[in-house]
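Asks: dropping a prediction and its sequence here:
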Amino acid sequence: MGSVLTEENLGPIVEEVHARCGMAPFDLALILGSGLGQVADAVEDVKVWEYRDFSCFPAVAVAGHAGRLLAGTLHGRRVLIFQGRFHLYQGLTAWQTAVPVRLAHALGCRRLLLTNAVGGIHPDLDAGCFMFVADHINVLGDNPLRGMCGDTFVDLSRLYRTDLFKSLRTEALSHNIHVQQGVLAAVPGPSYETPAEVRALRQMGADAVSMSLIPEAIMAGALGLEVVGLSSVTNRAAGLGTKRLCHDEVLASGSNTAKNLSVLVASLCLGWF
Ligand SMILES: O=P(O)(O)O[C@H]1O[C@H](CO)[C@@H](O)[C@H]1O
Ligand SMILES: Nc1nc2[nH]cnc2c(=O)[nH]1
């Protein structure tokens, strides 16, 4: 699928990864959100690249995002891990934020596990909980397929692999980890929502709110990848908690959940295939 939005040349990166990792397709791609980068520590036989060495990757970065691509083995699966993601609030289009998905697809990946840090709106979604994304509400005001060529009228009614939730929840419960299914909303940011916006999102059916994940999921759906979204609840959304919202707090809270997230990722690595 070409794009009229901007030039993008993934070829040199694909060749570089093939040269160091072989030509076999990767089983799974994983995008790690704010404060969640530690999940990649478990990767074996790891090869590392810096995003800054990839000419077609956006140059900007956000605290809590290492900006590295790792390739290796995780629970017996050949994985690509994007330690750090891109956001609209970095001055990027939704299409640009989805470049990791297009690269994973070019490297033969057909399964994508998306993680991010979110504000909990559902009463049961406190900091430290996880939400398995069952569906999403895109209030970003942009779509990653905008301006692309080809058939971009993609049906998103079965975008997320919700059939994998039951086994994941069983594994989570055995580790005393709270995970529930829910609807994720995404706003452009970088400011957090107002309490009134959170109430409106709740009325719309959102259970959690972020500033990411949705563009990557839509791009993955358009490219025919299977998608799982796993959100780490780092705080109660605006107006629902007592703490002041700040990115440092999100990073600290995300880092605290990384160990439990690794348990859930391991379960998906084993149960998805
Ligand atoms: O989506 P990730 O990168 O996980 O991070 C979330 O946390 C940041 C806000 O603190 C925003 O970037 C939001 O999207
Ligand atoms: N939009 C949004 N994204 C987040 N990421 C982590 N916490 C939040 C939040 O409260 N709102």
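Replies: Sure, I can see it. Predicted model only: the values in this text are computed from it and were never measured. Numbering: from 1, shown residues only. Ligands and ions are numbered 1, 2, ... in the order given.

Asks: please name the nearest non-neighbouring residue to residue 212.
Replies: Nearest residue to residue 212, sequence neighbours excluded (CB to CB, 6 or more residues apart in numbering): residue 116, at 4.9 Å. Just so you know, the C-beta spots here come from the backbone N, C-alpha and C atoms, and that holds for glycine as well.

Asks: does the one you found lie in a helix or a strand, and which?
Replies: strand 111-120 (DSSP states H and E).

Asks: ok now that strand, how far from the chain's centre?
Replies: Its chain's C-alpha centre and that of strand 111-120 lie 4 Å apart, by CA atoms, centre = their mean, to the nearest Å.

Asks: list the strands paired with whichever helix or strand comes after that strand, with their directions.
Replies: Of the helices and strands lying after strand 111-120 in sequence (DSSP H and E), the nearest is strand 130-138. Sheet partners assigned to strand 130-138 using DSSP bridges are listed as strand 179-186 (parallel), strand 226-236 (antiparallel).

Asks: and the first one, how far out from the chain middle?
Replies: Going back to what we said before, that points to strand 179-186. 13 Å.

Asks: let me see the mean pLDDT of it.
Replies: The pLDDT scores in strand 179-186 average 98.

Asks: before we move on, the earlier item: by contact count, what packs against the strand holding residue 116?
Replies: strand 28-32, strand 130-138, strand 208-210, helix 214-222, strand 226-236, helix 247-271 (3 or more CB pairs under 8 Å, 6 or more residues apart in numbering; DSSP states H and E).

Asks: got the buried residues for the shortest one?
Replies: Okay, so that is strand 208-210. Within strand 208-210, the residues scored as buried using 16 or more other CB atoms under 10 Å are 208, 209, 210.

Asks: return only those of those found close to ligand 1.
Replies: Filtering these for proximity to ligand 1 by CB under 6 Å from any ligand atom leaves residue 210.

Asks: how about the buried residues of strand 208-210 in TSV, adding distance to residue 69 and pLDDT?
Replies: TSV is the format used below for the buried residues of strand 208-210 (distance: CB to CB, whole Å; pLDDT from 0 to 100):
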residue	distance to residue 69	pLDDT
208	27	98
209	28	98
210	22	98
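
Asks: many thanks, have a good one.
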